[in-house]
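*Asks:* Here is the input, now give the coordinates:
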Amino acid sequence: MNQSRENWGSRMGFIMAAAGSAVGLGNIWRFPYMAGANGGSAFILIYLVFVFIIGLSVMIAEFAVGRRTSLAAVGAYKHYSKRWTFAGVLGVVSAFFIMGFYPVVGGWALAYVFKSLTGLLSNAGAIGDTFGAFITNPMEPLVWMIIFLLMNVVIVAKGISGGIEKAGKVLMPTLFVLLILIAVRSVTLPGASAGLAFLFQPDFSEVTGQTFLAALGQAFFSLSLGMGCMITYGSYLSKEEKLPNNALIVTALDTGVALLAGIAIFPALFAFGMEPAAGPGLVFVVVPSIFAQMGGIGTLFAAIFFVALTVAALTSSVSLMEVVAAYLIDQKQMDRKKAVYSTGFIMVITGILSSLSLGVMSGFTILGVGVFDFFDILTDKIFLAIGGMLLAIFVGWVVKKEDLRDELTNGGAVPFGLFDIWYNVVKYVIPLAVAVVAVLGILDIAQTGLMLFGLAVILVLGIFSHKL
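*Replies:* This is a model prediction of the structure:
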């Protein structure tokens, strides 16, 4: 065990950082849209069940493995079995590939803070064209992407307690306050009740098998599970911390942000007679159009919204960069700053390629998709799904039960056999559930070549990971 390993300075610092890792861009736009498209509160109820049974259980397991080994993803898997090293490497590769496009969107959010204050809302009819022109511009998005990445580098280079923890203590409370401000304004608009009904009124006629799959996928991936983040953050925890309690708080905070985002967006959406839309269209076109109709105060609320979006992106991207940096520190014995600077430099290159693929490089494709979509689909549909499945199998069937019991109980007893219930859920129920999501997620990919490429990458990692 690495005795000189960094540690979190406080419990609150860890919780804010871990919650920040879980809270990301998907909480702001993906959760509200999926809820609206899958039966409103019927979806939310199913989602909450999955979050607090499957998501919470897996998060506890990741914290336990990380703290037990005092190692990040690769080292933690290798500690129990060298044959499982590839699963840790897959987590690092996933984090790295996500950071191939995530800073691009983070840069958009940061840019829109300033655009909101400098005339973006003056012509509501042109907001869509403005967004299209912005993301296809060969230079402007690159500048904002690099600024966003530099913010990540500065935070992660300062270390766990001095950088990531301090940032989390400021950024997460800021995010909650900003979303509450937007939500309060949204629900007080005339006609806002229709949006709340859309989001929270149960419509079980819309519930299908796909609803359950969507809810499970959202629950699992929104918590940053299966990509090494929580194992890495857990590896910096002291032995005094109670893992189940901390995991419950982090899960509740993540879910709270998702619900707040829904309340902030949908009442205003319906108040102004707009239709829900997914992805960048909702965040960068529809939401600014809503604020444009609020008059002068809309400018302020638009800026607040995009500050919140930037904060959500930053807290997640910091944890993803830490996964890659921690691998270099643990396995390659690099100095932290050298590891972070090297990681950041390569991420600038991948970010440039992703950004340009939406404009001047749009004609260049990899297996039928642009660079931005290549990184997105490869991680979201393939690497994260399989990584989550492998994690569940690893914890349930490879990690020693005694080690898990010791970590979860802090060496003591757990009342009412709760540990055994949790252990059986992790060992039997979760691997099957995640496997279903993984298989269906992969089969949902239209690009067969990309699917085969992703699976081939995983196979290669399995063969050669012991050399990495």
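*Asks:* CA atoms for contacts and neighbours, from now on please.
*Replies:* OK.
*Asks:* Show me what the helix or strand that contains Ile147 packs onto, helices and strands only.
*Replies:* Using DSSP states H and E, Ile147 maps to helix 140-157. When contacts are defined as 3 or more CA pairs under 8 Å, 6 or more residues apart in numbering; DSSP states H and E, helix 140-157 packs onto helix 102-117, helix 127-136, helix 296-332, helix 336-356.
*Asks:* And the ones you listed: which comes nearest Trp397?
*Replies:* Of all these, helix 296-332 sits nearest to Trp397, with 24.0 Å by CA to CA.
*Asks:* buried stuff in that closest one?
*Replies:* Within helix 296-332, the residues scored as buried using 16 or more other CA atoms under 10 Å are 298-299, 301-330.
*Asks:* what's the answer for stretch 101-119, then?
*Replies:* 101-113, 115-116.
*Asks:* can I assume Glu241 sits in a strand?
*Replies:* No - Glu241 sits outside any strand when classified using DSSP: H, G, I helix; E, B strand; the rest coil, being coil.
*Asks:* Check it and give its pLDDT.
*Replies:* Among the per-residue scores, Glu241 holds a pLDDT of 91.
*Asks:* any idea how far it is from Asn7?
*Replies:* 12 Å (CA to CA, to the nearest Å).
*Asks:* swap in Gly39?
*Replies:* 43 Å.
*Asks:* Which one of these two is surrounded by more residues?
*Replies:* Gly39 (22 against 18; other CA atoms under 10 Å).
*Asks:* Which strand or helix spans that one?
*Replies:* Per DSSP H and E: Gly39 is located in neither a helix nor a strand.
*Asks:* before we move on, what SS does the nearest residue to Thr85 once chain neighbours are set aside have?
*Replies:* In this structure, Thr85 finds its nearest non-sequential neighbour in Lys78, 4.8 Å apart by CA to CA, 6 or more residues apart in numbering. Following three-state DSSP, the label given to Lys78 is helix.
*Asks:* what's around Lys78, how many residues?
*Replies:* Neighbour tally, Lys78, other CA under 10 Å: 19.
*Asks:* which residues sit in contact with it?
*Replies:* Trp84, Thr85, Gly88 (CA atoms under 8 Å, 6 or more residues apart in numbering).
*Asks:* Any chance of a markdown table for those, columns neighbour count?
*Replies:* Shown next, in a markdown table, are the contacts of Lys78 (neighbours: other CA atoms under 10 Å):
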| residue | neighbour count |
| --- | --- |
| Trp84 | 22 |
| Thr85 | 25 |
| Gly88 | 27 |
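*Asks:* And those residues, which is closest to Met12?
*Replies:* Closest approach between the contacts of Lys78 and Met12, by CA to CA: Gly88, at 27.2 Å.
*Asks:* In three-state terms, label that closest one for me.
*Replies:* helix.
*Asks:* Thought Leu110 was touching Ala303, still the case?
*Replies:* No - judged on CA atoms under 8 Å, Ala303 makes no contact with Leu110 at a distance of 9.6 Å.
*Asks:* Mutual contacts of the two, please.
*Replies:* By CA under 8 Å, 6+ apart, no residue touches both Ala303 and Leu110.
*Asks:* on that earlier part again, buried residues of whatever helix or strand comes next after the helix holding Ile147, list them for me.
*Replies:* Where DSSP H and E defines the elements, the next helix or strand beyond helix 140-157 is helix 166-187. Counting neighbours by 16+ other CA under 10 Å, one finds that the buried residues in helix 166-187 are 166-169, 171-172, 174-176, 178-180, 182-183, 185-187.
*Asks:* Would you mind getting the angle between helix 166-187 and helix 296-332?
*Replies:* Relative orientation of helix 166-187 versus helix 296-332 (axes from the mean of the first three to the mean of the last three CA atoms, to 10 degrees): 150 degrees.
*Asks:* can you give me how far helix 166-187 is from the chain middle?
*Replies:* Chain-centre distance of helix 166-187: 17 Å, with CA atoms, centre = their mean, to the nearest Å.
*Asks:* and the next element down the chain from it?
*Replies:* Next element after helix 166-187 (DSSP H and E): helix 192-200.
*Asks:* Which residues does that next one contact?
*Replies:* By CA under 8 Å, 6+ apart, helix 192-200 touches 32, 35-36, 40-42, 44, 186-187, 262-263, 266-271.
*Asks:* Check stretch 44-58 too.
*Replies:* 35, 200, 212, 215-216, 218-220, 223, 225, 247-248, 251, 392, 422, 425-426, 430.
*Asks:* about what we covered before: can I get the contacts of Lys78 in CSV including pLDDT?
*Replies:* Compiled in CSV, these are given as follows (pLDDT from 0 to 100):
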residue, pLDDT
Trp84, 94
Thr85, 94
Gly88, 94
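*Asks:* quick check, nearest of the residues you listed to Val65?
*Replies:* The nearest member of these to Val65, counting by CA to CA, is Gly88 at 11.8 Å.
*Asks:* CA atoms of the helix holding Ile147 as PDB?
*Replies:* The C-alpha coordinates for helix 140-157 follow below in PDB (Å, rounded to 0.1, in the frame of the first residue of the first chain):
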ATOM      1  CA  GLU A 140     -13.400  30.800 -31.600                       C
ATOM      2  CA  PRO A 141     -14.500  27.500 -30.000                       C
ATOM      3  CA  LEU A 142     -10.800  26.400 -29.800                       C
ATOM      4  CA  VAL A 143      -9.900  29.400 -27.700                       C
ATOM      5  CA  TRP A 144     -12.700  28.700 -25.200                       C
ATOM      6  CA  MET A 145     -11.900  24.900 -25.200                       C
ATOM      7  CA  ILE A 146      -8.300  25.700 -24.400                       C
ATOM      8  CA  ILE A 147      -9.300  28.100 -21.600                       C
ATOM      9  CA  PHE A 148     -11.600  25.400 -20.200                       C
ATOM     10  CA  LEU A 149      -8.900  22.800 -20.300                       C
ATOM     11  CA  LEU A 150      -6.400  25.200 -18.600                       C
ATOM     12  CA  MET A 151      -8.800  25.500 -15.700                       C
ATOM     13  CA  ASN A 152      -8.800  21.700 -15.400                       C
ATOM     14  CA  VAL A 153      -5.000  21.600 -15.500                       C
ATOM     15  CA  VAL A 154      -4.600  24.300 -12.900                       C
ATOM     16  CA  ILE A 155      -7.000  22.600 -10.500                       C
ATOM     17  CA  VAL A 156      -5.700  19.000 -10.900                       C
ATOM     18  CA  ALA A 157      -2.000  20.100 -10.800                       C
END
